[in-house]
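Q: Sequence first, predicted coordinates after that:
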Amino acid sequence: MSDYIVRATAADGEIRAFAITSRELVETARKHHNTSPVMTAALGRLLSGAVMMGVMMKGDKDLLTVQIQGSGPAKALVVTADAKGNVKGYPAVPDVLLPASAEGKLDVGGAIGSGVMSVIKDLGMKEPYIGQIALQTGEIADDLTYYFVTSEQIPSSVGLGVLMNRDNTVKEAGGFIIQLMPFTREETIQKLETRIANLTSITALLEQGDTPEELLKEVLGDIDFEVTDQIPAEFYCDCSKEKIAKSLSTLGKKELDEIIADGVDIEVKCHFCNTDYKFSTEELKEIRN
């Protein structure tokens with residue numbers, strides 16, 4: 001198993017925890033979208049966080065979408081995850097270039113800027129659940145932490161990191177989500193807060209080759225935890241020519257007639273994986289009918 005998520009409980013059920021190594025799925029996203037280093041980091045963090053959030057859902061058909069709309073040059077990011085460890089996503093502007101931050105790191109916060117984060121959960125009900133927050137730092141992990149606390153009332157800590165090679169491929173990626181249950185004792189909270197406050201940066205932990213289990217050990221320290229599940233994670237887009245054709249069929253007949261009248265083949269690109277689908281005028285006529 002290359003990229004995978006672990007689900008765990010700690011402190012006799014007072015804490016639930018998730019951790020992931022996600023190098024391959026982030027590298028796959030980088031290749032699909034030809035992202036610059038700062039956008040690889042931004043998209044990679046969001047993919048890693050969202051896929052952990054996805055496996056928190058219970059239904060096989062449940063879907064979670066995280067959208068970021070910011071004032072920075074990145075403009076927007078969209079990521080969708082399911083409950084089985086599959087995730088896909090895309091940046092509105094893949095080639096943002098920015099100087100390093102004051103700490104010498106990729107300036108994800110500068111790329112995103114101020115704005116809003118929306119979390120949409122499609123749980124098979126009439127209306128999806130939508131939670132929205134104002135971005136706190138644009139660094140994504142901070143914003144997801146704030147989302148959990150304000151929108152879901154779950155005290156949480158989120159750590160996410162993407163480390164790049166000199167050739168701009170992904171060296172390491174991953175992160176964790178730690179959440180407190182309502183009955184968590186004050187002693188446990190204080191111990192955890194102290195541990196997280198003194199934690200080495202997530203990229204440093206990833207660089208030393210920590211597995212998801214080892215990430216949790218670094219975060220939880222001497223708090224006992226039990227891994228209850230291991231879930232493979234991957235960048236997976238379920239687009240197909242049939243699905244694109246179905247989308248085209250929702251266009252009005254007048255609009256389709258205009259496209260057909262041009263007499264040229266059209267090309268439709270999937271936002272999530274950049275796959276091109278070509279349709280001839282004959283195929284468009286079939287779709288119209």
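A: Nice, thanks for sending it over.
Q: which residues of this structure fall in helices?
A: Using DSSP state H, the helices of the chain run over residues 23-33, 37-54, 108-112, 141-151, 186-197, 202-207, 212-220, 241-248, 253-262, 281-288.
Q: contacting residues around the shortest one?
A: Identification of contacts with helix 108-112 by C-beta atoms under 8 Å, 6 or more residues apart in numbering yields 38-39, 41-42, 45, 68, 70, 72-74, 77, 96, 98, 101, 135, 137-140. In short, each C-beta sits where N, CA and C put it, glycine included.
Q: Could you tell me how many residues sit around Val149?
A: Using other C-beta atoms under 10 Å, Val149 has 14 neighbouring residues.
Q: got it, and Glu127?
A: Neighbour count for Glu127, taken as other C-beta under 10 Å: 7.
Q: swap in Ala41?
A: Around Ala41 there are 28 residues (other C-beta under 10 Å).
Q: my guess is it meets Ala100, correct?
A: No: using C-beta atoms under 8 Å, Ala41 is not in contact with Ala100; the gap is 11.2 Å.
Q: Drop anything exposed from the contacts of helix 108-112.
A: 38-39, 41-42, 45, 68, 70, 72-74, 77, 96, 98, 135, 138-140 (16 or more other C-beta atoms under 10 Å).
Q: Minimum distance to Lys269: which of the helices of the chain has it?
A: Comparison of these against Lys269 by C-beta to C-beta identifies helix 241-248 as nearest, at 9.3 Å.
Q: follow-up on the earlier one: and for Ala41 and Ala100, which residues touch both?
A: Common neighbours of Ala41 and Ala100 (C-beta under 8 Å, 6+ apart) are Leu106.
Q: State the distance from the most centrally placed residue in the chain to Thr145.
A: Centroid-nearest residue in the chain, with C-alpha atoms, centre = their mean: Leu47, separated by 2.2 Å. Going from Leu47 to Thr145 by C-beta to C-beta, to the nearest Å gives 17 Å.
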